[in-house]
Structures are given as structure tokens and as C-alpha cells.
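*Asks:* the following block contains a protein sequence and its predicted model.
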Amino acid sequence: MLTRAQKTHRYYHITIPVALFCFWTVSTLHGFVAYGLVKPSTYVVPTLVALAVGTLVGYLFTLRKALQVTSEQFRAIADQAQEFVYLRRVDGVYDYVSPSCAEITGYSVDDFYRRPSLMDQLIYPEDLPLWQNHVHSVNEGGANDSFDIRLRTVDGRIKWINHICMPIYDEQGKQTGVRSTNLDITARKEGEDKLRQASSIFMHVTEGVVITDAAIKVVAVNQAFCDISGYAEDELLGNTPRTWRSQQQDDAFYQAMWNSINSKKQWRGEIINRRKNGDLYPAWLTISAVSDERGRITNYVSIVSDISNIKQSQERIEYLAHHDVLTGLPNRHLLNDRLEHAIQRAHRNKTQVAVMFLDLDNFKSINEGLGHPVGDKVLKVAADRLDQVVRDEDTVARIAGDEFSIILEDIVDTESVAILASNILAAYASPFNIDHHELHVSASIGISLYPDDGDDVTSLVKNADAAMHQAKDKGKGCYCFYTQALTSAALERLYLENQLRKALGQDEFQLFYQPQYALNTGKLIGAEALIRWQNKELGLVSPDRFIPLAESTGLILPIGEWVLYEACRQIKTWHDDGLDLPRMGVNVAGQQVQHGDIVHTVKRVLEATSLDPMYLELEITESFIMRQAEEAISTLRALKELGVTLAIDDFGTGYSSLSYLKILPINKLKVDRSFVKDIPNDKNSEAIVRAVIVLGKSLQLEVIAEGVETDAQEAFLKSEACDEVQGFYYSRPVPADEFTKILQLSMESVSEACATDD
Ligand SMILES: Nc1nc2c(ncn2[C@@H]2O[C@H](COP(=O)(O)O[C@H]3[C@@H](O)[C@H](n4cnc5c(=O)[nH]c(N)nc54)O[C@@H]3COP(=O)(O)O)[C@@H](O)[C@H]2O)c(=O)[nH]1
């Protein structure tokens, strides 16, 4: 590779001898012509001058040759150098550029010769201030300089170089340029970066890292491990992992661990370690063996994660998955597990297991009437009382809402189970005092026995549930053992429920209307709307059969709303058709009132049907009103404010409190038909009916007697001055078209009576 100077002066060594020879020839010829051949001075002087000049030139040539050799040696070295070497004049022109410039920068030697100061243009923009400083200080006569800097190669890559720069001066000490070597240190820089990152990770990672040598002596630990273990770094360095061993793992554990490390170069798993303060903690540990290039293990790197929190969360999740949060009792899953095991044990030991299914009787009223916080407290007290009655080895579980289940193992005889059931009922006998409320909570209990009533979890729980429903049907607050007959009853109930769910959508309901009359005038004063269910498969289903089911399944809400709408629509239609009906009585189930939406529902229905509220009478059962007296009052008042009238249905059956009767916003008492039925044979019934009529009068309430079937009953009621009557004696409940005829007849008789009066 030729430098720019070599290229310029490559023919000088021929030019100078030729010039000397010309000088000697011209001088000698000049002497010969001027002084003649014989005179020595004519050729001696030029010869001496030529010899002297020749000697001097020869010396200079030797000197130059020596310089040229040195320069060629420099070039040879520079050409071979890994570094990119250049000589640059102060004006930026390159006198020499080594070939490795192409490898480092991507630009060729000729690119550098052609483009002065090319190096300045390659500097990475962020490093330009550093470079410009350097150039400035070199130009200002600065000394040698060495630093790392980034440049951008021809294809846009960034490379790190170590730049060494020395100023070049002429004989007068004036700086003529610079000599520079540039070593590509990109790989080293990347290595340093990686090392820095690794070191940063080592120091800051939240997992503990322990590095041992091949002899398993700790050579490095990070801060995280010191935090986890409680040891300071210098307490660990030089020691072995025995320092934090917990002795919780046996020899076989360590044997398996080392087998894995030796064969797979790695082991990972859970381990119990001991902190410096003696506490044990679970850790997730990964140990990796590190080998040198010859495959010899040089170190072991352990990564330790303290998983105490994860373990605690796991245990919490496990607990929540198997327990009821409110009461802390096992939930349905755990109950099923335990029952499964109990059955297996009983099977092996030829013993019996009893399953009790317990449902609180009036919990819904409390929960909805007094609010869920009170309901929650009731459930807790109910759970505590249960827990106190059963044996330690029995399982008490809360399986849903107000339903609990108890597993009794190793029972000697069914009598002992019955005694326990009685004890549970007795435990609920005393009132629950919650938030200043004295609440009376009873329970219904169903009992099934393994192996007689089922040999698996599902059938035992299902049969205990069926027995519990039997206890409810028997009047609540009692217990029942499962019998085979209950299964068919439960199946029928399920079938009925499924049909009932579809009934509204399939338009299977219809309203019948039963007339009500003023006893002293015989005038039609109203009608009671009574629902009928015509099902394709079941035929006509009595409300006595499906209303309790609708109430227990919550279906009473949509069904009740449908009844309300249909009754209001019908009376409005009659009115629009000019048929006079002063009042329409509609039965409202307790749940509809408790649900809290009844006021809005009634308002919405009245608006939708454009019925004047004065024509609507809501009949609410006495038992519900008295159970929920305090809570019901505000709802009844709101209903009254809408303009509707209110009647207490089935009066006489629900232990009315006189104090409540006085403040309830009601208009009418409806004597239950069970009392009317026994008139005139039963003096007690007569006395009750008489008392209700007197009570109604004293409270300025109207009294209607329902279930009137005979003229004797009517005569009795007349003699006691009962206001109104309803019953088969006058008419059975009839469909709307038949009732239209009753209405028309009634209007005709009224106009006849008016005509007679006239
Ligand atoms: N929540 C709702 N309950 C309703 C609705 N429709 C009816 N019911 C309740 O179902 C029970 C049975 O009702 P039903 O079979 O319709 O019986 C009513 C009358 O038919 C019957 N009655 C009337 N007069 C006589 C009679 O002289 N003798 C006799 N043996 N029975 C007679 O009484 C029932 C009306 O009772 P009541 O509502 O108490 O006035 C019943 O409890 C209904 O309340 C509904 O839409 N929603």
C-alpha cells in the first residue's frame, strides 16, 4: 500500500543522477571549449564539483533509503495491524490510512484519501462533544490522548473504538498533523455491559443467589439472600449451605438432589431452610452446576425464593375453598369429602353414619325484614349453637344460605340421633338477641342414615333434604327421619316446580273471580281474584298445591305480578264496558311485601292499566303481617298512600296482636273460612267469629266472612251484623266471562230495585 507522498515522489531517485551527469558534461565541455584540452582546470573543477555533489547526493540517497526502509517497515506493520491506523494532516487530509479501516468503519482506504476529515463524520452523534473537545485540544498543541468512543459504520452499525492520538510536529516544532490508532473494542464493551447487567441482576434481584466453589464453600451471596436468611455476607462467605440447613429433609432427599445435579447439572424443588433467628421457611430452590471449558465443575449457583407468602396464600385459598367465610364452618365441598370418608370407614367397620339436614324456619323473613347484617349474625349464632351441641368428632357444615348439615359417625342407634336432633332444637329455643332485636329462630331437621337410606354422599344428602322438607310440612321446628315415601314426594315436588317455572311463559295461568256481597243489602260489592293453573300434563292444579311451591322457589314474585296486572286489567275492562264492580280483591303473598318492591309494582300496574287505586283491595295474610309487623307497617303505609285498600286475610289464624292491629293501616278483616265452616255446630268457632266481628267494629274496620256455604251460616253472620260475605253459597269462583254475567245480573237487579223504589 503506497502513501500519498510515495505516490508523488516515486521517480526522484532517477532525476538527480541524470541532473549531475548533465552538469559534469556541460561544465567539462564548457572548459574544453574555453581553455583547450590540455588545461586541467577545464575538467578538474567540474569533476570535483560533480564528485562532491555526487557524494552529498549519495549520502542523501542513503539517508533517504534508510528513511524509506523505516517508512516501509512502519507501513508493513500498520498495514497488518488489527487497529485502524491513520496519519492525518492538520487540514484533515489523510497521508496514510491502514487497510483495517474497512473492517472497522466499512469505508475503504480510498474513501479516507478522497474525503478529508471523514473520521469526524463517523463519530456517533452523542459522542460528538467528546470528539470535538479532543480535536480542539490536539489542535491547540495538546499531548497524546486516548479514549473510548462510538462511531457509526457505513451500514449504520455502532462500534466502540479505543482511539489513541499523537500529534506530529515538524523540525520547527510546528504541528503538522496527527498519528492515530483505533482499536475495535465493541466486543469488549458488550462483554462489559453484560457483566454490568449480570452484576446488577445479582445485586438487585429479589431472589437470593448463592455461589459456591466446587468444594461447596460460599464464594458470593447477594443482598436478597442475606435478607432472606438473616445472615450478613461475611457470615456466609467461606461457609457451606449447612449454615442454613433446617434438618427437615432426610438423607434420601439430599441423595436425590445430588443425583440430579450430577446427572442433569441442575436440581429444582421445594425445601425448608432455617433463618439465622431459627425460624423455618419454605423456599423454592434451583441449583445449577457451572463447568469450565474442559467440563470440570467450578461452581454451583443456587437461586433461593422465599415462598412463605405464597404458601400462606395457598393455605388461605385452600381454607376458603373448603370453609364458609361467615361462620368458619366446613362448606359443602368439605362436607362431601368428609361424608365420603365417613361412608368408607362405616363400610369397613360395619357401623352407621347419620346425615342431618337443617334449615332455619324463618330466616328469610329476618334476613329480608331486618337486613343482611342482622341475617349474618343470626347465621353465626345458629352455627355456634349447633357447634356446642354436637360432639367434637362430628362435622357441622354450612352448605348454603340458612342450610346446615351435620355428619354423625359411629352411631350406636337411631335413638341417639333423635336425641341429638332434639338437643339441637332445644338449643334454638331461647331467643337470639341481635342488635336489640329478640329473634325467635327455629329449625327443621331431616335425617338420613347410612346404609339404610343410601350408600353414597348424593343420596344421603338428598334424602336428608327430603326429610327436612317433611319436617317443614309437619309445621316446622321439628325433625323427621327419612322414609321411602319421601323420595316420591320429593320427585313430585321437583316435577311440579319444573312445570311451574314454564307456566308463565306458556300462558297457563287464568284468573277466576268470586263475588263478594254486602250482607244487609245483598248488593255485589266486590270480587276476589283467584288464580288457576291449567297444565297440559297435570290438568287443573289447585292453588293450595302450587302457591306454597311458588313461595318457596321465589316464583311467587313474577306470578303475583301477573295476577295483579290481570285483575286490574279485567276490572278496568268491565268498567270501560259500563259494568259496575266497586272493588277487586287480590291476594298478595308475604314474599311480595318483603321483597320491598310491592309498592312500585302496584304503582306500575295501576298506571299501566289506568285503574283508579280505590278499586283495588290487597289481601295480605294475618300470619305474615303479625310475623313482620314492625317491618310491614311502612310498606303497608306506602301502599295505602297509593290509594288502595288493605284487608287482613285468614283472620283469626295468625295470633294478631291487638296493639299492632290498632296501628296497622288496614281497612278490613277477612274471617278465615275454617271458622265459618263449623258454624253453627261448633260453639268455639261461633265465639271466634263473633269476637272478630266485634273487634272489627271497635277498630272501625269492615269485616267480611269467607267460605259461607249454607243459609245457617249466613243467618248467623247476619245476626252478628257481619258486613260482607263470600262463599259457595253465593257463587263459586268463576272465569271472567261468567263473572260478566253475574255483573250484568247484579246491575239489572239494582236498576229493578231502583225502579220499584221509584
Ligand atoms: N298469593 C296468592 N294466593 C292465591 C291466589 N289465588 C288463590 N290463592 C290462594 O290459594 C289458596 C287456595 O285458593 P282457592 O283454591 O282459589 O280457594 C279460594 C276459594 O275458592 C275458597 N273458597 C271461597 N268460598 C269458599 C267456600 O264457600 N267453601 C270453600 N270450601 N272454599 C271456598 O277459598 C279460597 C280463597 O281464600 P282466601 O284467599 O283466603 O280468601 C287460598 O289460600 C288463596 O288465598 C293468588 O292469586 N295469589
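*Replies:* Received it, and whenever you're ready, just let me know what you need. Quick caveat: nothing in here was measured; it's all calculated off a predicted structure.
*Asks:* host element of Val381?
*Replies:* helix 372-389 (DSSP states H and E).
*Asks:* okay, strands next: where are they in the stretch 501-650 of the chain?
*Replies:* Taking DSSP state E, counting those that start in this stretch to define them, one finds strands in the stretch 501-650 of the chain at 509-518, 524-535, 539-541, 584-588, 616-621, 645-651.
*Asks:* likewise the stretch 151-300 of the chain?
*Replies:* For the stretch 151-300 of the chain, the strands identified by DSSP E, counting those that start in this stretch occupy 158-169, 175-184, 208-213, 218-221, 266-274, 280-291, 297-306, in order along the chain.
*Asks:* what does the fifth one contact?
*Replies:* Read that as strand 266-274. Taking Cβ atoms under 8 Å, 6 or more residues apart in numbering as the criterion, the residues outside strand 266-274 that touch it are 229, 244-249, 257-258, 260-261, 280-289, 304, 307. For the C-beta atoms, the positions are set from N, CA and C on the backbone; glycine is no exception.
*Asks:* who touches the residue in the stretch 551-700 of the chain positioned nearest to the ligand in this structure?
*Replies:* The nearest approach of the stretch 551-700 of the chain to the ligand comes at Asn587, 3.5 Å away (Cβ to the nearest ligand atom). Residues touching Asn587, when contacts are defined by Cβ under 8 Å, 6+ apart, comprise Glu528, Ala529, Leu530, Ile531, Val563, Glu619, Asp649.
*Asks:* closest to Glu686 among the residues you listed?
*Replies:* Comparing the contacts of Asn587 against Glu686 with Cβ to Cβ places Asp649 closest, at 20.8 Å.
*Asks:* enumerate every residue touching the nearest residue to Asn299 once chain neighbours are set aside.
*Replies:* Using Cβ to Cβ, 6 or more residues apart in numbering and skipping residues adjacent in sequence, the residue nearest Asn299 is Val290, 4.3 Å away. Neighbour list for Val290: Ile297, Thr298, Asn299, Tyr300, Val301 [criterion: Cβ under 8 Å, 6+ apart].
*Asks:* the nearest residue to Arg89 once chain neighbours are set aside bridge partners, please.
*Replies:* Nearest residue to Arg89 in three dimensions, chain neighbours excluded: Gly177, at 4.1 Å (Cβ to Cβ, 6+ apart). According to DSSP bridges, Arg89, Ile168 are recorded as the beta-bridge partners of Gly177.
*Asks:* and Gly177, what is it in contact with?
*Replies:* With contacts defined as Cβ under 8 Å, 6+ apart, Gly177 is in contact with Leu87, Arg88, Arg89, Val90, Asp95, Pro167, Ile168.
*Asks:* just the pLDDT for the residue positioned nearest the centre of the chain.
*Replies:* In the chain, the centroid-proximal residue (Cα atoms, centre = their mean) is Ile317; its distance is 13.2 Å. On pLDDT, Ile317 comes in at 84.
*Asks:* okay, it and the ligand: tell me how far apart.
*Replies:* When distances are taken as Cβ to the nearest ligand atom, to the nearest Å, Ile317 and the ligand turn out to be 45 Å apart.
*Asks:* and that residue, that's in a helix?
*Replies:* Yes - judged by DSSP: H, G, I helix; E, B strand; the rest coil, Ile317 forms part of a helix.
*Asks:* what's the nearest residue to Ala220 if we skip its chain neighbours?
*Replies:* Computed as Cβ to Cβ, 6+ apart, the closest residue to Ala220 that is not its neighbour in sequence is Ile211, at 4.2 Å.
*Asks:* what do you get for Pro116?
*Replies:* With Cβ to Cβ, 6+ apart as the criterion, Pro116 has its nearest non-adjacent residue at 3.6 Å, and that residue is Gly92.
*Asks:* cool, Arg274 as well?
*Replies:* Using Cβ to Cβ, 6+ apart, the nearest residue to Arg274 is Ser246, at 4.1 Å.
*Asks:* check the one you found and give its pLDDT.
*Replies:* Reported pLDDT at Ser246 in the predicted model: 93.
*Asks:* residues in contact with Asp402?
*Replies:* Asp359, Leu360, Phe363, Lys364, Asn367, Leu379, Ala382.
*Asks:* pLDDT on stretch 529-545, on average?
*Replies:* For stretch 529-545, mean pLDDT rounds to 93.
*Asks:* wait, I meant stretch 598-618
*Replies:* Stretch 598-618 carries an average pLDDT of 96.
*Asks:* then stretch 223-239?
*Replies:* Per-residue scores along stretch 223-239 average to 95.
*Asks:* now the residue nearest to Asn299: how far from the ligand?
*Replies:* In this structure, Val290 and the ligand are 81 Å apart, going by Cβ to the nearest ligand atom.
*Asks:* quick one: pLDDT of that residue?
*Replies:* Looking at Val290, its pLDDT reads 93.
*Asks:* residues from the stretch 551-700 of the chain in reach of the ligand?
*Replies:* For the stretch 551-700 of the chain, the residues in contact with the ligand (Cβ under 6 Å from any ligand atom) are Gly560, Val563, Asn587, Ala589, Asp649, Asp650, Arg673.
*Asks:* confidence score at the residue lying closest to Asp145 once chain neighbours are set aside?
*Replies:* Spatial nearest neighbour of Asp145, chain neighbours left out: Cys165 (4.8 Å); criterion: Cβ to Cβ, 6+ apart. Looking at Cys165, its pLDDT reads 92.
*Asks:* and if you look at the one 4 residues further on?
*Replies:* Tyr169 is assigned 89 on the pLDDT scale.
*Asks:* surely it touches Gln175?
*Replies:* Yes - in this structure Tyr169 lies within contact range of Gln175 using Cβ atoms under 8 Å: 5.4 Å.
*Asks:* how much space between the residue nearest to Arg274 and the ligand?
*Replies:* In this structure, Ser246 and the ligand are separated by 68 Å, where distance is defined by Cβ to the nearest ligand atom.
*Asks:* what about that residue, distance to Ala383?
*Replies:* 39 Å (Cβ to Cβ, to the nearest Å).
*Asks:* same check on Asn182?
*Replies:* As it turns out, when the distance is counted by Cβ to Cβ, Asn182 lies 83 Å from Ala383.
*Asks:* so between the two, which is more surrounded?
*Replies:* With neighbours defined as other Cβ atoms under 10 Å, Asn182 and Ala383 compare such that Asn182 has more, 23 against 19.
*Asks:* hmm, that one is touching Cys165, no?
*Replies:* No - under the criterion of Cβ under 8 Å, Asn182 lies out of contact with Cys165, with a separation of 9.1 Å.
*Asks:* on that earlier part again, any chance of the contacts of Asp402 in CSV, plus secondary structure?
*Replies:* Conversion of the contacts of Asp402 to CSV gives the following (three-state DSSP):
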residue, secondary structure
Asp359, strand
Leu360, strand
Phe363, helix
Lys364, helix
Asn367, helix
Leu379, helix
Ala382, helix
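*Asks:* just give me the closest of the residues you listed to the ligand.
*Replies:* Lys364 (15.9 Å).
*Asks:* neighbours of that closest one, just the number please.
*Replies:* Residues contacting Lys364 under the criterion other Cβ under 10 Å number 18.
*Asks:* quick one: Phe202 and Asn222 touch, right?
*Replies:* Yes - counting by Cβ under 8 Å, Asn222 is a contact partner of Phe202 at 5.2 Å.
*Asks:* how many neighbours does the one residue in the stretch 51-200 of the chain that gets nearest to the ligand have?
*Replies:* Evaluated by Cβ to the nearest ligand atom, the stretch 51-200 of the chain has Ser200 as its residue closest to the ligand, separated by 74.9 Å. One way to gauge burial is a neighbour count; for Ser200, by other Cβ under 10 Å, it gives 10.
*Asks:* quick one on the thing from earlier: can you lay out the strands of the stretch 501-650 of the chain as CSV showing distance to Ile271?
*Replies:* What follows is the strands of the stretch 501-650 of the chain, written out as CSV (distance: least, Cβ to Cβ, whole Å):
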stretch, distance to Ile271
strand 509-518, 68
strand 524-535, 67
strand 539-541, 67
strand 584-588, 67
strand 616-621, 68
strand 645-651, 72
